[in-house]
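Q: Here's my sequence, what's the structure:
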Amino acid sequence: MDTIWATPLPDAKGPKYTLVAETIRRAVSDGQLEHGAKLPPVRDLAFRLQITPGTVARAYSMLTDEGLLVGEVGRGTFVAEPRAVALDEDNECLLEIDVIAHGSEHRNAGDVNLFSPHLPAVGQTTLIRKLLADIAKDPPSGLMHYPSRQSSRPARQAVVSWMEGAPIGPFGAEDVVLTNGGQNAISLILQAVLKGRRPAVLVEELSYPGFRRAAELLRADVVPVAMDADGIDPAALEAAIRSCDAQVLCTSPEVHNPTLLRTPLARRRQIAEICRRHDVQIIEDEVYRTTRAEVPTYRMLAPERAWYVSSISKLITPSLRVGFAVAPEGSVAAVRRASEHGFFGVATPIADLTAMLLGHPRIGDLRDQVCERIGAYVQCAVNVLGMYDLHWREDVPFLWLVLPLGWRAGAFCRAAETQGVQIRSAEDFATRNTNTPHAVRMAINAGVPLPTFEAALTRLRRLLDEPPEQLEV
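A: Numbers count the residues shown, from 1 in each chain. Below you'll find the predicted structure:
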């Protein structure tokens, strides 16, 4: 295999890690690297190619996610054997062997990405493959028509069933708009409701970056609102509204991203009343709610002005980009127009798949299994990092860590990356003029074996145990 690396990487466009990955892919395809062949250690290959170890590790990680490579802790990285498959009883579809349960899928060389949540595969991929095969044989909405309200109705009805029991007030299929993920839902709502020359969108001082990005794309001002232990501070909200042409408040009161804070009912009522008094719309993003919420949402508290946004990305898979918006009473037409005028609606095969997936009798069990597996990873994190100021919830796929004295967030993230662990600084969740705490967010990566995840957190704990002697200026 040394002949593969006899010459430097080709002088081609694109990141170097993609060139490394493509070189390995070609070598496997051409037979230069056989199944089971061991690849060079990350640092050895980096030295040979005169690139950084992080670049090689990222290439290995990408190919591991693709299933081309596997890593065995303490042994190295190998070319994966062909994926094992078996026919179901009716020989109608291929079933992926759940090798995760046996600890042999998605193993890597120790590099662990905790930037965004990675869900465990508990059978949803097998189900999606079967449903896609069924759609290919006989697509319910056909393959020669534009999306329409009629063709998307089964999917919207499936969303209503999926959301059964959620405290969002009365709603039906006609109040739901399908979107290409939760972020797309936020963008569509802002397109539908913002008006005037210089509208302003209010966000929590630490908040999901997608709120800001959607607002900035529409050339709206983004105004941060101070928070306290219960969420948005009512006095700060009043002041922010008076300071600008505030039209929309974007918030995540059930699972605040990134701090995990939950806003209590009394505070939610205060926020709803302030928005009602000043005629401010509310977008409530609940993509991280994985279990049944007990506290009423803003759509229940202020049904005339609150939009509810969610998706299947944190419970089933993010790859399908299936999201939805539940409109306030009498307001669905505005966001429906934004969808239809922007991209004619969600593609009919995806709408058909959504209807079949969310309506499938196994989907509830799969959702419970995902939550159970995530809970095991969260518990592992608590065991490793619990002696520090760690914020966590068993049903949420990320953690919030307030750093000990001596560490700044940016420096800690860079130090973590040298240890093969990618995490996000508090600064990623703040506007430019917001003072941020020295804290980091770590997502749950259940796509790697639990021992690999635990080893990554142990490396972070060693960093926390030994802060730098001098702070960065």
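Q: Angles on the backbone of Ala293, please.
A: phi -80, psi 140 (degrees, to the nearest 10).
Q: From the structure, what's the count of residues near the nearest residue to it once chain neighbours are set aside?
A: Spatial nearest neighbour of Ala293, excluding adjacent residues (CB to CB, 6 or more residues apart in numbering): Glu254 at 5.3 Å. All C-beta spots, glycine's among them, are computed from the backbone N, C-alpha and C. For Glu254, the tally of surrounding residues (other CB atoms under 10 Å) stands at 22.
Q: where in the stretch 201-350 of the chain is pLDDT low?
A: Along the stretch 201-350 of the chain, the model assigns pLDDT under 70 to no residue.
Q: can you tell me which helix in this structure is longest?
A: Secondary structure of the chain per DSSP state H: the longest helix is helix 363-385.
Q: In contact with Ala192, which residues are there?
A: Ala192 makes contact with 334-335, 337-338, according to CB atoms under 8 Å, 6 or more residues apart in numbering.
Q: Figure out how far the helix or strand hosting it is from the centre of its chain.
A: Using DSSP states H and E, Ala192 sits within helix 182-193. Centre-to-centre, helix 182-193 and its host chain are 17 Å apart (CA atoms, centre = their mean, to the nearest Å).
Q: Looking only at it, what residues are buried by neighbour count?
A: 182-193 (16 or more other CB atoms under 10 Å).
Q: now do stretch 337-345
A: The neighbour-count check on stretch 337-345 (16+ other CB under 10 Å) flags 338-339, 345 as buried.
Q: re earlier: so the residue nearest to Ala293 sits against Arg299, correct?
A: No: if you go by CB atoms under 8 Å, Glu254 and Arg299 don't touch, sitting 11.8 Å apart.
Q: for Ala272, what are its contacts?
A: 282, 298, 301-302, 306.
Q: Kindly recompute the last result at 6 Å.
A: When contacts are counted by CB atoms under 6 Å, 6 or more residues apart in numbering, Ala272 touches 298, 301-302.
Q: any idea which of those residues is closest to Leu403?
A: When the contacts of Ala272 are ranked by distance to Leu403 (CB to CB), Tyr298 comes first, at 32.1 Å.
Q: Burial check on the closest one, number of neighbours?
A: Neighbourhood size, Tyr298 [other CB under 10 Å]: 29.
Q: Now do the helices in the stretch 301-450 of the chain.
A: All helices of the stretch 301-450 of the chain, identified by DSSP state H, counting those that start in this stretch, fall at 332-343, 348-358, 363-385, 409-418, 450-465.
Q: coming back round to it: the residue nearest to Ala293: which element?
A: Going by DSSP H and E, Glu254 is not in any helix or strand.
Q: was I right about it contacting Thr290?
A: No: using CB atoms under 6 Å, Glu254 is not in contact with Thr290, being 10.2 Å away.
Q: measure stretch 308-322 end to end?
A: End-to-end distance for stretch 308-322, by CA to CA, to the nearest Å: 15 Å.
Q: what comes up buried for it?
A: 308-318, 320-322.
Q: Out of the contacts of Ala272, which sit inside strands?
A: Among those, no member falls in strands (DSSP state E).
Q: just to revisit the earlier point, now the buried residues of stretch 337-345 in TSV, with distance to Ala443?
A: Formatted as TSV, the buried residues of stretch 337-345 follow (distance: CB to CB, whole Å):
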residue	distance to Ala443
Ala338	30
Ser339	29
Gly345	31
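Q: which of the residues you listed lies closest to Pro154?
A: The closest of the buried residues of stretch 337-345, once distances to Pro154 are taken by CB to CB, is Gly345, at 13.6 Å.
Q: what sits against that closest one?
A: By CB under 6 Å, 6+ apart, the contact set of Gly345 is 147, 339.
Q: For it, give its distance to Tyr146.
A: With the distance defined as CB to CB, to the nearest Å, Gly345 ends up 8 Å from Tyr146.
Q: now Arg25
A: 37 Å.
Q: Looking at these two, which has the bigger crowd around it?
A: Between Arg25 and Tyr146, counted using other CB under 10 Å, Arg25 has the larger neighbour count: 16 against 10.
Q: How many residues are close by the closest residue in space to Ala376 that isn't next to it in sequence?
A: Excluding the flanking residues, the one nearest Ala376 by CB to CB, 6+ apart is Leu450, at 6.7 Å. Burial of Leu450 is recorded as 16 neighbouring residues (other CB under 10 Å).
Q: Same check on the one 5 residues further on?
A: Residues lying near Ala455 (other CB under 10 Å) number 18.
Q: Look up the pLDDT of it for me, please.
A: Looking at Ala455, its pLDDT reads 94.
Q: again with Asp2
A: 55.
Q: Same question for Thr126.
A: In this prediction Thr126 is given a pLDDT of 90.
Q: just Gly110 next, same as before
A: Taking Gly110 on its own, its pLDDT is 67.
Q: the helices in the stretch 151-300 of the chain, which residues?
A: Under DSSP H, counting those that start in this stretch, the stretch 151-300 of the chain gives helices at 182-193, 209-217, 234-242, 265-277, 298-301.
Q: returning to what we had before: ok, the buried residues of helix 182-193 vs Glu273, which is closest?
A: Val193 (19.5 Å).
Q: ok, that closest one - contacts?
A: Contacts of Val193 (CB under 6 Å, 6+ apart): Gln281.
Q: Use 36 as the first number for this chain going forward.
A: Sure thing, new numbering starts at 36, so read that last one as Val228.
Q: now it: how far from Trp342?
A: In terms of CB to CB, Val228 sits 8 Å off from Trp342.
Q: any idea how far Glu339 is from Arg184?
A: 23 Å.
Q: Which residue is the nearest non-sequential neighbour of Ile347?
A: Counting by CB to CB, 6+ apart, the residue nearest Ile347 is Val357, at 4.9 Å.
Q: I'd say that neighbour and Ser348 touch.
A: No: here Val357 lies out of contact with Ser348, judged by CB under 6 Å, at a distance of 7.8 Å.
Q: May I have the phi/psi pair for the closest residue to Leu300 other than its chain neighbours?
A: Among residues not flanking Leu300 along the chain, Val330 sits closest, at 5.1 Å (CB to CB, 6+ apart). Per-residue torsions, Val330: phi -90, psi 130 (degrees, to the nearest 10).
Q: and what of Phe206?
A: phi -160, psi 160.
Q: same deal with Gln159?
A: phi -70, psi -30.
Q: which residues touch it?
A: Taking CB under 6 Å, 6+ apart, one finds 351-352, 401 in contact with Gln159.
Q: and if you look at His313?
A: Counting by CB under 6 Å, 6+ apart, His313 touches Ile276.
Q: Any figure for the gap between it and Met335?
A: Between His313 and Met335 the computed distance is 20 Å (CB to CB).
Q: how many other residues sit next to Trp197?
A: Neighbours of Trp197 using other CB under 10 Å come to 20.
Q: Would you mind giving the domain segments of the chain?
A: 37-150, 181-393 (automatic domain parsing).
Q: Now render the ones you listed as CSV, adding distance to Glu429.
A: Shown next, in CSV, are the domains of the chain (distance: least, CB to CB, whole Å):
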stretch, distance to Glu429
domain 37-150, 17
domain 181-393, 9
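Q: Turn the buried residues of stretch 343-357 into CSV, columns for distance to Glu240.
A: Below are the buried residues of stretch 343-357 laid out as CSV (distance: CB to CB, whole Å):
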residue, distance to Glu240
Tyr343, 23
Val344, 20
Ser345, 23
Ser346, 24
Ile347, 29
Ser348, 25
Lys349, 23
Leu350, 28
Ile351, 31
Thr352, 31
Pro353, 26
Leu355, 32
Arg356, 29
Val357, 30
